[in-house]
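Enquirer: coords please:
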Amino acid sequence: MASPKIKMLSYKIHAASSFTENYPPQKILQNRPSDASCRWSSDSNSHPQFITLKLNTVSIVHQLTFGKYEKMHVCNIRKFQIYGGLDESGMLLLCEGDLRNDSIPETFNLKTMVGGKLFPINFLKIVPTQTWGSSFNYSIWYVELSGTDDERTVLPVLYTVASFRQETAFRMCLKMFRDMGLDECFETLQKNVPAVSLEHPFLTDLYDAVVKRGAFEEAEILIDKAAQNDFLKSITAEQKAVPVWTEILPGSGASPGMRGGHQMVLDSAAQMIYLYGGWDGARDLSDFWQYDLLRKKWILISTDTEQEDGPSARSCHKMVIDSDNQTIFVIGRFLDGPARTGEPLKNDFFMYDILRKRWTQLSSDTFAEGGPKVLYDHQVALDVLKRTIYVFGGRVAQGKPPGSTAAVDNAATSGLYAYHIPTSTWRRIEPASGSPDSTALKPRMGHCIIFHPVKRLLYIVGGKYDKDPVKDMVAFHVDKETSHIVGSTASGDTMPIGLTQRATLDLDRDEIYVYFGFKSADSENRQNTLWTFDVATSKWSICPTKKTTTVDGSQPTEPSPRYAHQIVYDPTSKLHYLFGGSLSVPSSITSVKTRLDDFWQMELVQRQAADIARQAKYVIRKQKFRELCLEDPVTAVQYLQRDVSETIDSTDDVEMNEFHDLPTLLFSDTQAKTVEEQSGSRALTTQQSRVDVFSKLCNFFPEEMAPPRANLIDLVLP
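Expert: Next comes the predicted model:
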């Protein structure tokens, strides 16, 4: 049978939590983006607020589209959830997401499969959870649903859904009877519904070993078998990757010295890293280096590029590489006070031809040609398709007349410029005047920037303006020359905020990585942090980190917290490379910032099944230790030191802290033993704790193998 045709679905307003007098929920049936009154507006921002829609016919709803007002609006919803079901009391979460604060309609895919089967709905509930303006009531302007109401598709799955719900109810009853030790009830129900399976037989064996018999060694053997049979494979894919750092120790040849404020670029095809300039604590540098990733060797290209018609010594500049055409571009520099007097400041611009090993000065003054003034702490990105370099932000180095004692203005910040390589022309870019977010490109410095060639977007993250942090992420479309805010802490988004962040992109994974060497100059939490931005979902997450202390007292397990460093990414090997920077130390300790010359590689490593098995064994051994505390405290201490410690990841602070707290069970459980013996509840307490352990172990297995995650008793309201 041919696939059902997707079409617009009709619905009516069934219910609403509240509404303001002139903005009833029926307004969302009309798409009138220029009419400020054509919207539903709640009369409160207290949670929950909602609109419930009733479809004219039971349907499979594939997508929901939000229409918008022609301008930004403080009442526009920022975050939302969508639920659906055949009745109002049995709705499932179908989608949750974020809306931009602009005039462009957005469409979201809804969950259409439950238990491997199509899921028809009659009711759809939209629950806004956050507005773009703080503490404003919620507004929805227009809602359009699309899917299929074809009876040939919908009617057969109605029976399937009813069967699925019935089967789930039986499974939840079986789970409750077994967990409560009601064996007769469990066996009777199982005998009457033999087609209903509570769980995979493997987990039934695990339950028997853990809960019924307390055979913990046998349970561990089952965990090893689960890893061997790939039962843990799906859960490993869901685990966040962990950054693993390896220091690249210098060989016998020469290598770059200590520095910060330098620049690096990477040519993945040629497997080469290029490093130029920086500040060594006493002077700017003009040496130019190449690192061969295959031979693992540094090569000095030039001791002084200025002597070879290249740029003068500098720091806080920026470089970008055009690998296809084997050219490197250098722009910007920091100028200290003495260098800002006399002649008007000019922003030079250079290109290095890798094949010919030759420098060319493209401009002695980009500002005179329509480009930026002298700037530093800016960011650059290359659009290979258009052969255009984008330069955004940074501080403008302001000059002053000779003999002047006036303070130099360091607050001036540069805008967005584009340099077209084939025609050698500059132009300043402003967001289109009709763009709803035309003010989104806030001036800033110390930010990071990434160009996504597929989406044609420049992603700009964080930074600061004057002394204030800029707490947002902006996407600028290079073809349309419009921008919109992807996220902002002002709207409750969790995202990286800090100084001297460095960003990289993996197109295969469609992920942006933002690395921080520290948060702020006097922060107590001085550690490396790696954030991952999932481009498809527009969600940030923090990668788990290992401890920053050393393993044996000599070799660090990751770079020291720092700033003014550089990091590049090789999409071929999936490795990051970091060099140098300035050691991050509190200003209260010393005003001297130590420059670094260490070189590191970092790989994002996905947790393997063996590590998941280790975590599962840790859960099992904790339970055995708890029971030994009640039976034989001396043996319990020996078991803790010998067996439980084997399952601990010594580089994981969370696990180590929990492990160090385990001895307290020796005292708390002894007191509990006395109470249990007096009340006769010992067996029930052990049963429940073992059930809890089994539930934790089930989380390591795919959902389709495990009993229902929910508990029947939790569905009963008090």
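Enquirer: From here on, just use CA atoms for contacts and neighbour counts.
Expert: Fine.
Enquirer: can I get the CA coordinates of stretch 379-392 in PDB?
Expert: Listed next in PDB are the C-alpha coordinates belonging to stretch 379-392 (Å, rounded to 0.1, in the frame of the first residue of the first chain):
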ATOM      1  CA  GLN A 379      37.800  36.300  15.300                       C
ATOM      2  CA  VAL A 380      38.000  35.200  11.700                       C
ATOM      3  CA  ALA A 381      36.300  32.500   9.600                       C
ATOM      4  CA  LEU A 382      36.600  31.300   6.000                       C
ATOM      5  CA  ASP A 383      33.700  30.500   3.600                       C
ATOM      6  CA  VAL A 384      35.500  28.300   1.100                       C
ATOM      7  CA  LEU A 385      32.500  28.300  -1.300                       C
ATOM      8  CA  LYS A 386      32.400  32.100  -1.700                       C
ATOM      9  CA  ARG A 387      36.100  32.400  -1.000                       C
ATOM     10  CA  THR A 388      35.300  35.100   1.600                       C
ATOM     11  CA  ILE A 389      37.000  35.800   5.000                       C
ATOM     12  CA  TYR A 390      34.700  37.100   7.700                       C
ATOM     13  CA  VAL A 391      36.200  39.200  10.500                       C
ATOM     14  CA  PHE A 392      34.000  40.000  13.500                       C
END
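Enquirer: That stretch: which residues count as buried?
Expert: Q379, V380, A381, L382, D383, T388, I389, Y390, V391, F392 (16 or more other CA atoms under 10 Å).
Enquirer: One more: stretch 363-373?
Expert: Buried, per 16+ other CA under 10 Å, within stretch 363-373: S363, D365, T366, F367, G371, P372, K373.
Enquirer: Contacts for it next, please.
Expert: Defining contact as CA atoms under 8 Å, 6 or more residues apart in numbering, one finds that stretch 363-373 is touched by 345-350, 374, 396-397, 414-415, 417-419, 425-428.
Enquirer: got TSV for the buried residues of stretch 379-392, with secondary structure too?
Expert: Shown next, in TSV, are these (DSSP: H, G, I helix; E, B strand; the rest coil):
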residue	secondary structure
Q379	strand
V380	strand
A381	strand
L382	strand
D383	strand
T388	strand
I389	strand
Y390	strand
V391	strand
F392	strand
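Enquirer: got the residues you listed as JSON lines, with pLDDT and distance to M495 columns?
Expert: Below are the buried residues of stretch 379-392 laid out as JSON lines (pLDDT from 0 to 100; distance: CA to CA, whole Å):
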{"residue": "Q379", "pLDDT": "95", "distance to M495": "19"}
{"residue": "V380", "pLDDT": "97", "distance to M495": "22"}
{"residue": "A381", "pLDDT": "97", "distance to M495": "22"}
{"residue": "L382", "pLDDT": "98", "distance to M495": "25"}
{"residue": "D383", "pLDDT": "97", "distance to M495": "26"}
{"residue": "T388", "pLDDT": "98", "distance to M495": "29"}
{"residue": "I389", "pLDDT": "98", "distance to M495": "27"}
{"residue": "Y390", "pLDDT": "97", "distance to M495": "24"}
{"residue": "V391", "pLDDT": "96", "distance to M495": "23"}
{"residue": "F392", "pLDDT": "95", "distance to M495": "21"}
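Enquirer: ok, so of these, who is nearest A269?
Expert: Distance to A269, by CA to CA, is smallest for L382 among the buried residues of stretch 379-392, at 16.6 Å.
Enquirer: For R427, see how far away the nearest residue to the closest one once chain neighbours are set aside is.
Expert: Among residues not flanking L382 along the chain, I389 sits closest, at 4.5 Å (CA to CA, 6 or more residues apart in numbering). Distance, I389 to R427, by CA to CA, to the nearest Å: 11 Å.
Enquirer: what do the two both touch?
Expert: A418, Y419.
Enquirer: circling back to that earlier point, residue contacts, the residue nearest to L382?
Expert: I389 neighbours (CA under 8 Å, 6+ apart): V380, A381, L382, D383, A418, Y419, H420, I421.
Enquirer: is it true that the second one touches H452?
Expert: So that's A381. No. With contact defined as CA atoms under 8 Å, A381 does not reach H452; the gap is 9.7 Å.
Enquirer: next structured bit after the helix or strand of the chain with the lowest mean pLDDT?
Expert: Across the helices and strands of the chain, mean pLDDT, DSSP states H and E gives its lowest value to helix 665-679, namely a mean of 58. From helix 665-679 onward toward the C-terminus, using DSSP states H and E, the following helix or strand is helix 682-698.
Enquirer: mind checking the SS state of L640?
Expert: helix.
Enquirer: That one contacts F625, correct?
Expert: Yes. Between L640 and F625 a contact is recorded at 6.6 Å, counting by CA under 8 Å.
Enquirer: the more surrounded of those two?
Expert: More crowded of L640 and F625, by other CA atoms under 10 Å: F625, with 25 against 20.
Enquirer: In contact with that one: list those residues for me.
Expert: By CA under 8 Å, 6+ apart, the residues touching F625 are A636, Y639, L640, V644.
Enquirer: and which of these is nearest H565?
Expert: Minimum distance to H565 across the contacts of F625 is 40.2 Å, recorded for V644 (CA to CA).
Enquirer: Return the set of buried residues in the strand of greatest length in the chain.
Expert: Across the chain, the longest stretch assigned as strand under DSSP state E is strand 51-67. By neighbour count on 16+ other CA under 10 Å, the buried set for strand 51-67 is 51-55, 57-64, 66-67.
Enquirer: Closest one to L507 out of these, please.
Expert: Nearest member of the buried residues of strand 51-67 to L507, counting by CA to CA, is Q63, at 26.5 Å.
Enquirer: isn't that closest one right next to E106, touching?
Expert: No. Taking contacts as CA under 8 Å, Q63 lies outside contact range of E106: 10.2 Å.
Enquirer: doesn't L155 fall inside a strand?
Expert: No. Counting by three-state DSSP, L155 is not part of a strand but helix.
Enquirer: Which residues are in contact with W600?
Expert: W245, T246, E247, I248, P559, Y577, L578, F579.
Enquirer: no, scratch that, I was asking about P453
Expert: Going by CA under 8 Å, 6+ apart, P453 touches D383, V384, L385.
Enquirer: Partner strands of the longest strand of the chain, with direction?
Expert: strand 11-16 (antiparallel), strand 106-109 (antiparallel), strand 121-131 (antiparallel), strand 142-148 (antiparallel) (DSSP bridges).
Enquirer: C-terminal to that strand, which secondary structure element comes first?
Expert: That would be, after strand 51-67 and using DSSP H and E, strand 77-85.
Enquirer: Okay, angle between whichever helix or strand comes after that next one and strand 51-67 too, please.
Expert: Remark: after strand 77-85, the chain's next helix or strand is strand 92-98, criterion DSSP H and E. Computed by axes from the mean of the first three to the mean of the last three CA atoms, to 10 degrees, the angle separating strand 92-98 from strand 51-67 equals 40 degrees.
Enquirer: Give the buried residues for strand 92-98.
Expert: L92, L94, C95, E96, D98.
Enquirer: With stretch 642-655 instead?
Expert: D643, V644, S645, T647, I648, D649, S650, T651, E655.
Enquirer: where exactly do the strands run in the stretch 201-350 of the chain?
Expert: All strands of the stretch 201-350 of the chain, identified by DSSP state E, counting those that start in this stretch, fall at 242-247, 263-267, 272-279, 284-292, 297-302, 318-322, 327-331, 349-353.
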